[in-house]
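K.L.:
Just to be clear, the model below is a prediction. Sequence and coordinates:
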Amino acid sequence: MIEGLLFDLDGVIIDSGADIAGAVQHTLELFHQPVLTMDEIIDYVGDGASALIRRSFKYAAPDLIEKALPVYLEYYYAHSLIETRLYPHVKATLKNLRRTRPGLEMAVVTNKPEAVSVKILTGLGVMDYFDRIIGPESVHRLKPDPEGILMMLQKWSVPPGQAIMIGDSHTDIQAGKAAGTITCGVTYGLGDKTALMEARADYMIDDLAQLLELIDGFSMSGGRGF
């Protein structure tokens, strides 16, 4: 039986690429740096805000990058719900999981700052479906380190083999594998698809609604999923 679900945020629950890219572009302009395209910036998403700004400010000195990071964070927090939306079927899937599986634990484990994560999830009407948001503020090491996942499993008293880590990038799958969980990749997200496939998740889905079928498969088959 599956007792816990751990979700990445960007690229799994929310389609946030346009707002992230807009905030990075604004910050690059402010600091008179070459402005990258949206696609270039999205390629840098997934390893936390510090890595995102460092990669985007590829021609800047370290002290300028240090100054740019808080500017980006402040601007992004204020503009994080302009174009960001839930992916299709996300809210219905979360609602179904809560309604039909009342004992199932659900949390978000993300490299995105917690305050803006909570703001977005609240604004999109899905914050109440999650037990907790684990972001950089709650751990010493970001994904692909499994620290955040292990923290939630310990809190829930759920064995790793009875939990699924769901993500759109290789870092999510690597973190789940390192924690000992079942891993599930989503093909619709922001992460690099080639790297995701090379990470060899246990399962792949094209729509979050397929998670319901995956969980039912474990219940009926004694652990085989689909």
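P.N.:
In hand now; what should we look at?
K.L.:
quick one: average pLDDT of the longest helix seen in the chain?
P.N.:
Criterion DSSP state H: the longest helix present in the chain is helix 62-78. Averaging pLDDT along helix 62-78 gives 97.
K.L.:
Buried residues in that helix, which are they?
P.N.:
Within helix 62-78, the residues scored as buried using 16 or more other Cβ atoms under 10 Å are 65, 68-69, 72-73, 75-76. Quick note: C-beta positions are derived from backbone N, CA and C, even for glycine.
K.L.:
Am I right that residue 107 sits in a helix?
P.N.:
No - assigned with DSSP: H, G, I helix; E, B strand; the rest coil, residue 107 falls outside any helix and is strand.
K.L.:
What is the end-to-end distance of stretch 23-40?
P.N.:
Stretch 23-40 stretches 13 Å from its first residue to its last (Cα to Cα, to the nearest Å).
K.L.:
what's next to it, contact-wise?
P.N.:
17-18, 21, 41, 52-53, 56-57, 59-60, 64, 67-68, 71-72, 75-76, 79-80 (Cβ atoms under 8 Å, 6 or more residues apart in numbering).
K.L.:
Pull up the per-residue confidence for the nearest residue to residue 82 once chain neighbours are set aside.
P.N.:
Excluding the flanking residues, the one nearest residue 82 by Cβ to Cβ, 6 or more residues apart in numbering is residue 19, at 5.4 Å. At residue 19, the pLDDT value in this model is 98.
K.L.:
The helix or strand containing residue 19 versus helix 62-78: what angle between them?
P.N.:
Applying DSSP states H and E as the criterion places residue 19 in helix 17-30. Note on geometry: by axes from the mean of the first three to the mean of the last three Cα atoms, to 10 degrees, helix 17-30 and helix 62-78 are set 140 degrees apart in direction.
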